[in-house]
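okay, predicted coordinates and the sequence, questions at the end:
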Amino acid sequence: MILFESVSKKYRGTKRPAVDRVSFNIERGEFVFIVGASGSGKSSCLRMILREEQPSGGRIHVLGHDLSKISNRKVPYFRRNLGVVFQDFRLLTNKTVFDNVAFSLQVIGKSRGFIQEAVPDVLEMVGLGGKAKRFPHELSGGEQQRVAIARAIVNKPAVLLADEPTGNLDPATSLGIMQLLRAINASGTTVVMATHEATFVDIMQQRVIELSQGVVVRDEQRGGYGETAAIDLGDLTEAGARVLRASEDVVRSTLSAHVEPVAAPADPEPLSVEEAEFAMQQEPVIPEPPAAPTIPGAPESLADDDLDLTVLAPRQASQAPSAPPGTFSAALGLTPNEDQEDVGPVR
């Protein structure tokens with residue numbers, strides 16, 4: 001599904017490449033963490049998958065397409081198969097929650113009727129069903145990230161890219177976001193996440209690709225964060241180290257009791273064009289996402305992303321909501337747009 005073949009990326013004015021002869025293959029349905037210190041090349045890999053950047057050397061294949069052979073004119077059509085979640089949310093501040101999510105459907109020509117039906121369903125799925133008319137500045141950080149996730153998945157992407165999606169959030173809020181991403185992955189979407197969140201990586205035990213100075217130093221199934229990418233507590237102040245340990249303890253004690261690791265899928269047989277087209281037309285079976293429990297003794301500073309800023313009253317910890325049967329597929333299902341040009345079938 002995503003194949004890097006000896007990929008390098010060197011930016012102008014730099015002495016060493018940001019990515020240096022990186023090779024890996026990500027299969028359909030995997031949940032993959034890309035970890036490493038700042039400047040190790042994580043974000044560069046995601047930008048090249050999205051075709052925001054082109055490699056200086058090597059080849060990248062995504063969803064059966066050689067990205068070096070896709071013209072700039074066809075890049076927007078290719079990106080319809082990808083959803084992206086950023087650390088800084090990148091919401092349109094002058095639009096409501098509903099309009100932010102609807103925008104991704106409007107740009108590909110979906111009808112008003114389809115949008116009016118799909119957007120409420122996907123907002124309900126991410127736990128924002130009652131906040132469609134709010135503006136981004138009226139939401140907490142965790143709620144804004146849920147809007148960004150809803151916008152990324154409303155088009156039913158085959159791949160979801162997440163670049164430090166919990167980097168600006170507290171541990172309790174991050175827990176809800178991680179459970180939501182895990183539920184999306186359980187529905188069949190491939191998730192590739194660049195992160196510094198060592199605790200989540202260690203507990204979830206998914207595939208880990210670790211980069212160091214642009215080079216893959218580890219590619220491990222059911223792996224942890226690792227020592228190379230980890231923060232050395234000796235580099236922190238004593239107060240900072242206490243905060244870090246306390247945050248990790250909160251998340252670890254909560255998540256370890258409620259998130260079961262999912263084994264990486266076996267290498268599938270390649271699909272024919274006809275099989276791939278048939279598979280994309282089928283309605284996915286969406287398992288009910290796991291509910292996040294209340295975190296005992298969590299301080300108000302760790303209040304969840306469901307905090308209503310107009311009342312300033314902390315509520316229950318963030319959780320990944322369940323969706324009524326069929327609503328997720330109804331919200332995310334896409335019909336072919338005969339007026340738009342496509343880049344070909346997914347392999």
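That came through fine. Residues are numbered from 1 along each chain as shown.

end to end on stretch 186-195, go ahead and measure it.
19 Å (Cα to Cα, to the nearest Å).

stretch 66-84 too?
20 Å.

quick one: contacts of that stretch?
46, 48-51, 54-55, 59-63, 65, 108, 152-153, 155, 157-163, 189, 340-343, 346 (Cβ atoms under 8 Å, 6 or more residues apart in numbering). (Each C-beta comes from the backbone N, C-alpha and C, glycine too.)

give me the subset of those residues that lies in strands.
Among the contacts of stretch 66-84, the members found in strands (DSSP state E) are R59, I60, H61, V62, H65, V159, L160, L161, A162, D163.

whichever of the contacts of stretch 66-84 end up buried, select them in PyMOL.
Remark: buried members of these, expressed as a PyMOL selection using 16 or more other Cβ atoms under 10 Å:
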select buried, resi 46+48+49+50+51+55+60+61+62+63+65+152+153+155+157+158+159+160+161+162+163+189+343+346
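
where along this structure do the helices fall?
With DSSP state H as the criterion, the chain has helices at 42-49, 75-78, 97-106, 112-125, 141-153, 171-186, 198-204, 238-255, 273-280, 327-332.

rank those helices by pLDDT, which is bottom?
Least confident of the helices of the chain, judged by mean pLDDT, is helix 327-332 with a mean of 39.

follow-up on the earlier one: next, format the ones in strands among the contacts of stretch 66-84 as TSV and append pLDDT.
Below are the ones in strands among the contacts of stretch 66-84 laid out as TSV (pLDDT from 0 to 100):
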residue	pLDDT
R59	97
I60	97
H61	97
V62	97
H65	95
V159	97
L160	97
L161	97
A162	95
D163	93
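
and the residues you listed, which two are the farthest apart?
Farthest pair in those (Cβ to Cβ) is R59 and A162. Separation: 23.9 Å.

what is the end-to-end distance of stretch 13-20?
16 Å.

sorry, that was for stretch 132-148
Termini of stretch 132-148 sit 13 Å apart (Cα to Cα).

what does stretch 190-207 give?
Stretch 190-207 has an end-to-end distance of 12 Å (criterion: Cα to Cα).

and for stretch 195-210?
End-to-end for stretch 195-210, by Cα to Cα: 10 Å.

what residues of that stretch count as buried?
For stretch 195-210, burial by neighbour count (16+ other Cβ under 10 Å) applies to 195-210.

kindly report the same for stretch 181-191.
L181, R182, A183, I184, N185, A186, S187, T189, T190, V191.

looking at it, the last one is touching L160, isn't it?
Yes. V191 lies in contact with L160 (Cβ atoms under 8 Å); the separation is 4.9 Å.

list residues touching both of these two?
With Cβ under 8 Å, 6+ apart, V191 and L160 have common neighbours L181, I184, N185.

now those as CSV including distance to A118?
Below are the shared contacts of V191 and L160 laid out as CSV (distance: Cβ to Cβ, whole Å):
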residue, distance to A118
L181, 20
I184, 16
N185, 21
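
out of those, who's nearest L91?
L181 (17.9 Å).

I'd like the distance between that closest one and L211.
Per Cβ to Cβ, to the nearest Å, L181 is found 20 Å from L211.
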